[in-house]
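[1] Everything below, folded, please.
(one chain, ligands or ions: 1)
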Amino acid sequence: MQVVPRLTIERMRHDDIATVQQIEREIFLSPWPRNAYASELSQNRQAFYLVLRQGGVIIGYAGVWRVAHEAHVTTIGVRASDQRHGYGTALFAALILRAYEMGARWVTLEVRASNLHAMRLYERFGFKEIGRRRGYYTDNGEDAVIMWSDSLHAPAFKQRFGGILSGIDVAGVGGVPPLEYPAP
Ligand SMILES: CC(C)(COP(=O)(O)OP(=O)(O)OC[C@H]1O[C@@H](n2cnc3c(N)ncnc32)[C@H](O)[C@@H]1OP(=O)(O)O)[C@@H](O)C(=O)NCCC(=O)NCCS
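    Okay, the predicted model is just below:
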C-alpha cells in the first residue's frame, strides 16, 4: 500500500519562519531580510501568511496584505524539489479564499518579467497584466509586471476559481467562493 502524505494549508506561525526562510533562500534571488517574517506575523494586522505542509513538513508558503479594497500578494513559493506538482496552485487558491474572507474586491501582485512560470499560474486564475514598473527589481534591474484579478465577485472569475478549487485536495482549501461580500 502506498502512503500518501497528507497536505494541509495553515496559518504561518513563528516556529515556521526558519523553514520558510530556508526555502526562500533556495528559490528567490533576493530573499526577504531576516526579521521580515517575524515583524509581518507579529506587527502587521493587514497581513496574512500561510504554509503548505506535506506530512507535517513545510514545502511552500504564501502571503497577502489587505490594502483598502485590494488584496496584494506579497510572496508565494514552493520548495524547488516540489515545484510543478500543483502546490503553487493550491497556495494561490488559498490566498484568494483569504482575500474573499478579508472582504477584498480585487487581488493584485507584481512578478518579475522573466518569471513566466509564475505568470502562467496567475493567468490560469484569470489574472491579467495591466502594466509594468520599469527596472523595479534593484538586484538585476528587471521590470515588474503588475497583474490584477477581475472583481472577485464577477461571475466569470468565480466560475473559473470554483473549477480550480474543485481540483484541489488539500486540507484547509476547499469549498466554493463566497456568494456575497462579507458585511463591512
Ligand atoms: C511560482 C511557483 C510558486 C509555482 O509553484 P508550483 O508548485 O510549481 O506551481 P504548480 O505546480 O501549481 O503549477 C505550475 C506548473 O506546474 C504544472 N503542473 C501542475 N501539476 C502538475 C503535475 N502533477 N505534473 C506536472 N506538472 C504539473 C502546471 O501545469 C503548471 O505548468 P505551467 O507553468 O507550464 O503552466 C514556484 O514555481 C516557485 O516557488 N517559484 C519560485 C518563487 C517564485 O518565483 N514565486 C513567485 C513570485 S511572484
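[2] Pull up the residues of the chain that are close to the ligand.
    Residues of the chain found near the ligand (C-beta under 6 Å from any ligand atom) are 27-28, 76-78, 83-89, 111, 115, 117-118, 120-121. From N, CA and C alone the C-beta is placed, and that goes for glycine too.
[3] Throw together a ChimeraX command that grabs the buried residues out of these.
    If you want just the buried ones from these in ChimeraX, going by 16 or more other C-beta atoms under 10 Å, the selection is:
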select :76,77,78,86,87,88,89,111,118,121
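[4] So which of the residues of the chain next to the ligand are in helices?
    Taking DSSP state H as the definition of helices, the residues of the chain next to the ligand contribute Ile27, Tyr87, Gly88, Thr89, His117, Ala118, Arg120, Leu121.
[5] Columns pLDDT on top of those residues, output as JSON lines?
    Below are these laid out as JSON lines (pLDDT from 0 to 100):
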{"residue": "Ile27", "pLDDT": "97"}
{"residue": "Tyr87", "pLDDT": "96"}
{"residue": "Gly88", "pLDDT": "97"}
{"residue": "Thr89", "pLDDT": "97"}
{"residue": "His117", "pLDDT": "96"}
{"residue": "Ala118", "pLDDT": "98"}
{"residue": "Arg120", "pLDDT": "98"}
{"residue": "Leu121", "pLDDT": "98"}
